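Q: Give me the fold of what follows.
(4 chains)
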Number of protein chains: 2
Amino acid sequence: MSQENKGTLGKKHENPPSSDTSSLELPLELVEAVELMFFAYRDFVSDPDTILESHGFGRAHHRVLHFVGRRPGMSVSELLHILSITKQSLSRVLKDLIEEKYIIQETDEKDRRIKRLLLSAKGHELHRNLIDPQIRRFQDSLAKSEGGTLEKWQKFMLHLINMETKIDFMDDTGGDK
Amino acid sequence: MSQENKGTLGKKHENPPSSDTSSLELPLELVEAVELMFFAYRDFVSDPDTILESHGFGRAHHRVLHFVGRRPGMSVSELLHILSITKQSLSRVLKDLIEEKYIIQETDEKDRRIKRLLLSAKGHELHRNLIDPQIRRFQDSLAKSEGGTLEKWQKFMLHLINMETKIDFMDDTGGDK
DNA sequence: CAAATATGTCAGCCATGTTGACTTATTTTA
DNA sequence: TAAAATAAGTCAACATGGCTGACATATTTG
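A: Below you'll find the predicted structure:
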């Protein structure tokens, strides 16, 4: 059942031989999957986008709030590394968040060059409001996807990401596995 | 097994009661899922991004190539609708693609106001080169995700998207389901 | 013939990425 | 201890790809 060709979301057409014409014919269900990735991601971030707008923030601010929330006390360079952006890009949004007291900086005691980043209460609240609709979306989808487990979805998604990223994620996630 | 709390990608911590503190404690595995969505999407588009760069194109060009490739003969307004962007945004990239002969315009016979969009041979080739690494990524991930099926992943992703988007996608996909 | 529709274009704004050059603290190391 | 390396921050300029508003043109429809 799981290996059959049916169920690729219900196209009218029969699947093409699906054989090893690999370099000639693309497997249609995977082309569809590419598209699903695009649509799902776009809609998945649409709710937080709306909330952010009302605060004069953008997606970049969201990412910072998210990662600082997930790894309280992380340094600026750790944040840069996980986001894979330049410090000039980061600085614009980080400055906003610090000025408006969503994020607090604490100088590290041992190494006073390092600034530890933390969410303020205000920051936690916003982060919470941003992630709530996304969590709900997952829960709804999970409820509707009988047979599918979150665990399997996670495994699949994890395999899509690059090794270096995987390290960052694991880090974030606690490490083992 | 599929309902247990374990396997949320291997955090060090025990899962918090996971009870109905719903409005107080976020389900950790879903917070991780949010993050996976971010990382997976970013890495998933990274290969095409590299190819695009060598052509002087961006992600926006990729999307146009993709949808025109998937729905040959679509009109400009259909494309605008599916991309959910303004015609001014589209025009910049579409102009590039037409000038450089990746996309061909044909005036509709019945209604000469409508321009039908098509990929040229050159367009097909580029599209193919862009999607190939993504297809490969899916195939690799699928191979590594024993137990998980593409079908279930698709169902889950489909449920994440908005109703209106779902209509667009189905359209694209052939309609039924 | 008037109104609606499909497309295209000009001009300017905004968010968020980039590079390169430099400063200031602070810690490490030779 | 003096020099080098590291962490953070800043200024300036540039690119991409969203956006709005205002219009122009061709074509079809009522």
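Q: Touching, A:Leu150 and A:Leu142? I think so.
A: Yes - here A:Leu150 reaches A:Leu142: they are 5.9 Å apart, a contact under CB atoms under 8 Å. Heads up, the C-betas are built off the backbone N, CA and C, glycines and all.
Q: more crowded one of these two?
A: Neighbours per residue, other CB atoms under 10 Å in any protein chain shown: of A:Leu150 and A:Leu142, the larger number sits with A:Leu150, 23 against 18.
Q: Assign a three-state SS to A:Gly56, would you?
A: coil (DSSP: H, G, I helix; E, B strand; the rest coil).
Q: what residues are up against the residue of chain A at minimum distance from DNA strand C?
A: For chain A, the residue closest to DNA strand C is A:Gly58, as judged by CB to the nearest atom of the strand, at 1.6 Å. By CB atoms under 8 Å, 6 or more residues apart in numbering or on different chains, the contact list for A:Gly58 reads A:Leu52, A:Val93.
Q: Okay, it and B:Ala40: tell me how far apart.
A: For A:Gly58, the distance to B:Ala40 (CB to CB, to the nearest Å) stands at 21 Å.
Q: what's the answer for A:Lys152, then?
A: Applying CB to CB to A:Lys152 and B:Ala40 gives a distance of 14 Å.
Q: where in chain A is pLDDT low?
A: For chain A, applying pLDDT under 70 flags the ranges A:1-24, A:171-177.
Q: domain assignment for it?
A: As assigned by automatic domain parsing, chain A contains the domains A:47-127, A:147-177.
Q: just those domains: most buried one?
A: domain A:147-177 (a mean of 18; mean count of other CB atoms under 10 Å in any protein chain shown).
Q: what about that one and DNA strand C, any contact?
A: No - Domain A:147-177 lies apart from DNA strand C when judged by CB under 7 Å from any atom of the strand; the minimum separation is 14.4 Å.
Q: Helices of chain A, start to end?
A: Assigned by DSSP state H, chain A shows helices spanning A:28-44, A:46-54, A:59-70, A:76-83, A:87-99, A:121-144, A:150-160, A:163-173.
Q: Make CSV from these and add distance to chain B to it.
A: Below are those laid out as CSV (distance: least, CB to the nearest CB, whole Å):
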stretch, distance to chain B
helix A:28-44, 4
helix A:46-54, 7
helix A:59-70, 7
helix A:76-83, 9
helix A:87-99, 14
helix A:121-144, 4
helix A:150-160, 4
helix A:163-173, 5
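Q: Go through the ones you listed and name the closest to B:Glu78.
A: Closest to B:Glu78 of these is helix A:28-44 (CB to CB; 14.9 Å).
Q: Chain A against DNA strand C: which residues are in contact?
A: With CB under 7 Å from any atom of the strand as the criterion, chain A meets DNA strand C at residues A:56-61, A:63, A:84-86, A:88-90, A:92-93, A:110-113.
Q: which of the residues you listed are close to DNA strand D?
A: A:Gln88, A:Asp111, A:Arg113.
Q: With respect to B:Glu29, which of those residues is nearest?
A: For these, the residue nearest B:Glu29 by CB to CB is A:Asp111; the value is 33.8 Å.
Q: With A:Ser91 as the reference, measure out to that closest one.
A: Taking CB to CB, one finds A:Asp111 at 21 Å from A:Ser91.
Q: Also A:Arg113?
A: In this view, A:Arg113 and A:Ser91 are 16 Å apart by CB to CB.
Q: How about A:Asn129?
A: According to CB to CB, A:Asn129 and A:Ser91 sit 25 Å apart.
Q: Quote the end-to-end distance of stretch A:80-92.
A: Its start and end residues considered, stretch A:80-92 measures 13 Å (CA to CA, to the nearest Å).
Q: same question, stretch A:104-116
A: 8 Å.
Q: And the nearest residue to A:Ile131 once chain neighbours are set aside, how far from A:Val64?
A: In space, and not counting its chain neighbours, A:Ile131 is closest to B:Val34: 6.2 Å by CB to CB, 6 or more residues apart in numbering or on different chains. Here B:Val34 is placed at a distance of 14 Å from A:Val64 (CB to CB).
Q: one step back: using a markdown table, lay out the helices of chain A together with distance to B:Lys166.
A: A markdown table is the format used below for these (distance: least, CB to CB, whole Å):
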| stretch | distance to B:Lys166 |
| --- | --- |
| helix A:28-44 | 8 |
| helix A:46-54 | 14 |
| helix A:59-70 | 23 |
| helix A:76-83 | 31 |
| helix A:87-99 | 32 |
| helix A:121-144 | 12 |
| helix A:150-160 | 18 |
| helix A:163-173 | 29 |
